[in-house]
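[1] model the following, please.
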Amino acid sequence: MQLELSKRVSAQLVTESFIKTIFSALQRYVKIPDSYDFISVDVVGDTSMQALNKTYRQQNYIPDVLSFPYGPEGGEIVLCYPQAKRQAKAKQVPLRSELAWLLIHGFLHILGYDHEQATAAKIMRPLEQRILQAIKL
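    The predicted structure is shown next:
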């Protein structure tokens, strides 16, 4: 399985090594389908992220992360770096921790996890925390 990184904005903390660290921790807790060929991570700015959200979700705001499952081949995670920075500051957590959580969140969505319904959230949210705690940040 291949992990691909594309950056459209300056995002020094988001590196291939960082993504691989997150993915390795994820693999300890969830099964990645053998059919997955790739998962790409695209780091973008506010304007691009808001446009994607409006196009694909009919929502006119800047989300922190969007996930696009591509079926049995894999998927794409789009991460809004400026939004992640704002959230880390508001939560008073290190930016690296916020980015790790967003990537975990995105990976889990690609794998079919969801948090819209309360019962699904009771599975996804604790799983996110376990994976995050397993990462040496």
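[2] next, count neighbours for Ile135.
    18 (other C-beta atoms under 10 Å). Backbone N, C-alpha and C define where each C-beta goes, glycine included.
[3] measure the residue nearest to it when sequence neighbours are not counted to Lys122 for me?
    Distance criterion C-beta to C-beta, 6 or more residues apart in numbering; nearest residue to Ile135, sequence neighbours excluded, is Ala25 at 4.8 Å. Here Ala25 is placed at a distance of 21 Å from Lys122 (C-beta to C-beta, to the nearest Å).
[4] got it, and Ile62?
    Ile62 is 28 Å from Lys122, by C-beta to C-beta.
[5] out of those two, which sits in the more crowded spot?
    Using other C-beta under 10 Å as the criterion, Ile62 and Lys122 rank with Ile62 on top: 18 against 11.
[6] three-state assignment of that one?
    Following DSSP: H, G, I helix; E, B strand; the rest coil, we place Ile62 in the coil state.
[7] which stretches of the chain form strands?
    2-7, 38-44, 65-69, 74-80 (DSSP state E).
[8] the inter-axis angle of the last one versus strand 65-69?
    Angle between the axes of strand 74-80 and strand 65-69 is 170 degrees (criterion: axes from the mean of the first three to the mean of the last three C-alpha atoms, to 10 degrees).
[9] so which residues make contact with strand 74-80?
    Contact partners of strand 74-80, identified using C-beta atoms under 8 Å, 6 or more residues apart in numbering, comprise 1, 11, 14, 36-46, 48-49, 52, 62-70, 99, 102-103, 106-107, 110.
[10] so that strand versus strand 2-7, what angle?
    Using the same axes, to 10 degrees: strand 74-80 against strand 2-7 is 30 degrees.
[11] buried set for stretch 121-135?
    124, 127-128, 131-132, 135 (16 or more other C-beta atoms under 10 Å).
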